[in-house]
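Student: Predicted structure and sequence below. I'll ask about it afterward.
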Amino acid sequence: MARPRHPLTIPYFRAYFLSRLAGTIATTSFGILIGWQVYSIARGPEGMGIREAAFLLGMIGLAQFVPLFLLTPVVGLVADTVDRRLIVRATTALLLATVATLGLLTWYGALTIPALFAGAVLIGVARAFGGPAYSALAPNLVSTESLPTAIAVSSIAWQFGSIIGPSLGGLLFGFSPLLAYGVSTALLGVALFSVMLIGPVPQPPVEPDQRPLARVVEGFAYVRANRLVLATITLDLFAVLLAGATALLPIYARDILQVGPHGLGLLAAGMGIGASAVAFFFSVRPMRTNVGVKMLWSVIVFGLATLVFGLATPITALLGLPSPTVGLPGWAGGGPLLLSPAFILSLVALIVAGAADMVSVYVRSSLIQLHTPDAMRGRVGAVSQLTVSASNELGEAESGLLAALVGPVGAVVVGGVGAIVVTLVWAGLFPELRLAKTFAPPDMPERDHATGAVP
């Protein structure tokens, strides 16, 4: 039996890859702009203090999470019933319209905090429907044995986009906010065109006698019953929920490290740099052994790196190195300031955190996809997306609230310690995760797909 081709040799997967790459660059680019503009308006025209503005910044994450939370029971069922390509096309079009509208408001000088919050809500709606459809579509484009490689390749698109997007957004915003929004709009147009190139793919059959509500409940029940899937999903939920340092990057860029929007772009790209390197490595040499233990260690490293990021300025101060509060030549002009020890240590910490997080994402995604029947991937993907979004967007709200109470540095430190503690607890609660040696279930049949299509 011939070995399946590499995912990128399959035309439909190439279109999928390009769509995800362009879309990720766009969404991470204007995502960082929304956070920066909310915080800047709050600290500038609104005259808020750091802690008040931090709370408002955290609420942006909540605005994206609420629609996803409310729609989760529906979106997984939709992804298992409606053509997944149509869902991805519709949600990409919604993102395009949202970015274009915010760009026009910026052009006319009419951009307000309520408008930015409305944009965040629409992003949440688009992600709610698009996420499960996107994740459930990938396994329909490649063979079963190629899926871990496809996940790594797809993660490269996501992580590479996460590197370019924030840096591009911050750099372009420094020249012109209109240029930043215009480029994001154009990239979403490319993403929409690319996904239009994907032809018909198999859709799982729907049991004619099964009611929609029963199918929704079945997805949650499956996750609860499969302890390995439950362990991977909930570990990510609580670890990243607590250690959501990226939500506070605008505060660090503006008021702690004092590097402005250009420095914000580099900091936001930090995790993507580390994650992209790991994803590229796994696309060439997929992980095959001791996958559960490696996931646990990766989350511990993630928590430690978060701690270093939060304490970068105090650490460099203890070592007697220059800090933003001391000032360096050209500090106000945006030149040598990016070479400050605190900034470099912060960036390195974020790169390490991104690399560790990518290991966790790779293991979690592979286990979920390979341990879930195709007919339930949409619903299980919706549950997974809910927890991932809770860990990200709800984590932003938690970080903003905690920063308002104990300050941004205290919030990051508490989050890093919390992620480590949760990992140790999960290692004891879910021995299935520690004992997971490979991705595939023992009884998983092999399927031969020379073209990459799933029959």
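Tutor: Great, that's in hand.
Student: Number of residues surrounding G263?
Tutor: Neighbour count for G263, taken as other C-beta atoms under 10 Å: 23. All C-beta atoms are positioned from the backbone trio N, CA, C, and that covers glycine.
Student: what does V425 give?
Tutor: 12.
Student: Next one, pLDDT for it please.
Tutor: pLDDT recorded at V425 is 92.
Student: do the same with S384
Tutor: With respect to pLDDT, S384 scores 65.
Student: Contacts for the helix or strand hosting G416, please.
Tutor: Applying DSSP states H and E as the criterion places G416 in helix 408-429. For helix 408-429, contacts defined as C-beta atoms under 8 Å, 6 or more residues apart in numbering pick out 50, 54, 231, 234-235, 238-240, 242-245, 248, 251-252, 256, 296, 299-300, 302-307, 309-311, 313-314, 399, 402-403, 405-406, 433-434.
Student: List the ones among those that fall in strands.
Tutor: Judged by DSSP state E, the subset of the contacts of helix 408-429 located in strands is empty.
Student: Please narrow these to those residing in helices.
Tutor: Of the contacts of helix 408-429, the ones assigned to helices by DSSP state H are 50, 54, 231, 234-235, 238-240, 242, 251, 296, 299-300, 302-307, 309-310, 313-314, 399, 402-403, 405-406, 433-434.
Student: Just the buried ones from those residues, in ChimeraX syntax?
Tutor: Only the buried entries of the ones in helices among the contacts of helix 408-429 go into this ChimeraX selection, using 16 or more other C-beta atoms under 10 Å:
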select :50,54,231,234,235,238,239,240,242,251,296,299,300,302,303,304,305,306,307,309,310,313,399,402,403,433
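Student: While we're on the residue nearest to V293 when sequence neighbours are not counted, how confident is the model there?
Tutor: Leaving aside its sequence neighbours, V293 sits nearest to R434 (C-beta to C-beta, 6 or more residues apart in numbering; 6.0 Å). Looking at R434, its pLDDT is 82.
Student: On the three-state scheme, the nearest residue to M271 once chain neighbours are set aside is what?
Tutor: Among residues not flanking M271 along the chain, G354 sits closest, at 3.1 Å (C-beta to C-beta, 6+ apart). For G354, the assignment made with DSSP: H, G, I helix; E, B strand; the rest coil gives helix.
Student: Run a quick neighbour tally on G354.
Tutor: 27.
Student: ok, now S176?
Tutor: Per other C-beta under 10 Å, the neighbour tally for S176 reads 11.
Student: So A157 versus V183, what's the distance?
Tutor: Separation of A157 from V183 (C-beta to C-beta, to the nearest Å): 18 Å.
Student: after the helix or strand hosting L96, next one along is what?
Tutor: Assigned by DSSP H and E, L96 falls within helix 84-107. As assigned by DSSP H and E, the chain's next helix or strand after helix 84-107 is helix 113-137.
Student: quick one: the following helix or strand past that following helix to helix 113-137, angle?
Tutor: Following helix 113-137 in sequence order, the next helix or strand is helix 147-175 (DSSP H and E). Angle of helix 147-175 versus helix 113-137, following axes from the mean of the first three to the mean of the last three C-alpha atoms, to 10 degrees, is 160 degrees.
Student: Now do the buried residues in helix 147-175.
Tutor: 147-174.
Student: Please tell me the pLDDT value assigned to the nearest residue to L95 once chain neighbours are set aside.
Tutor: By the measure of C-beta to C-beta, 6+ apart, the closest residue to L95 outside its immediate chain neighbours is A126, 4.9 Å from it. Among the per-residue scores, A126 shows a pLDDT of 89.
Student: Same check on F282?
Tutor: With respect to pLDDT, F282 has a value of 81.
Student: you'd agree it is up against A150?
Tutor: No. With contact defined as C-beta atoms under 8 Å, F282 does not count as touching A150 (11.0 Å).
Student: ok, and the closest residue in space to T313 that isn't next to it in sequence, which helix or strand is that part of?
Tutor: Spatial nearest neighbour of T313, chain neighbours left out: A342 (4.5 Å); criterion: C-beta to C-beta, 6+ apart. Remark: A342 resides in helix 341-370, with elements defined by DSSP H and E.
Student: what angle separates that helix from helix 408-429?
Tutor: Computed by the same axes, to 10 degrees, the angle between helix 341-370 and helix 408-429 is 30 degrees.
Student: Helix 341-370 - contacts with which helices or strands?
Tutor: When contacts are defined as 3 or more C-beta pairs under 8 Å, 6 or more residues apart in numbering; DSSP states H and E, helix 341-370 packs onto helix 147-175, helix 227-242, helix 260-284, helix 291-310, helix 312-318, helix 377-389.
Student: so for it, what's the average pLDDT?
Tutor: 85.
Student: How far does it sit from its chain's centre?
Tutor: Using C-alpha atoms, centre = their mean, to the nearest Å, the mean C-alpha position of helix 341-370 is found 11 Å from that of the whole chain.
Student: tell me which residues in it are buried?
Tutor: 341-343, 345-370.
Student: Spatially nearest residue to L350, not counting backbone neighbours?
Tutor: Closest residue to L350 apart from its sequence neighbours, by C-beta to C-beta, 6+ apart: G270 at 3.1 Å.
Student: what do you get for L319?
Tutor: P341 (7.6 Å).
Student: Can you pull the poorly scored residue ranges out of the stretch 151-300 of the chain?
Tutor: For the stretch 151-300 of the chain, the stretches flagged by pLDDT under 70 are 159, 162-163, 202-219, 243-244.
Student: mind checking how far L56 is from I251?
Tutor: Counting by C-beta to C-beta - L56 and I251 are separated by 11 Å.
Student: Please apply the same query to A133.
Tutor: 34 Å.
Student: Isn't the residue nearest to T313 up against Q258?
Tutor: No. Using C-beta under 8 Å as the test, A342 is too far from Q258 to be in contact (9.5 Å).
Student: Name the residues that touch stretch 190-201?
Tutor: Residues outside stretch 190-201 that contact it (C-beta under 8 Å, 6+ apart) are 11-12, 15-16, 18-20, 22-23, 26, 84-85, 88-89, 92-93, 96, 137, 140-141, 453-454.
Student: Test for you: state the pLDDT assigned to V121.
Tutor: Residue-level confidence at V121 comes out at 91, pLDDT.
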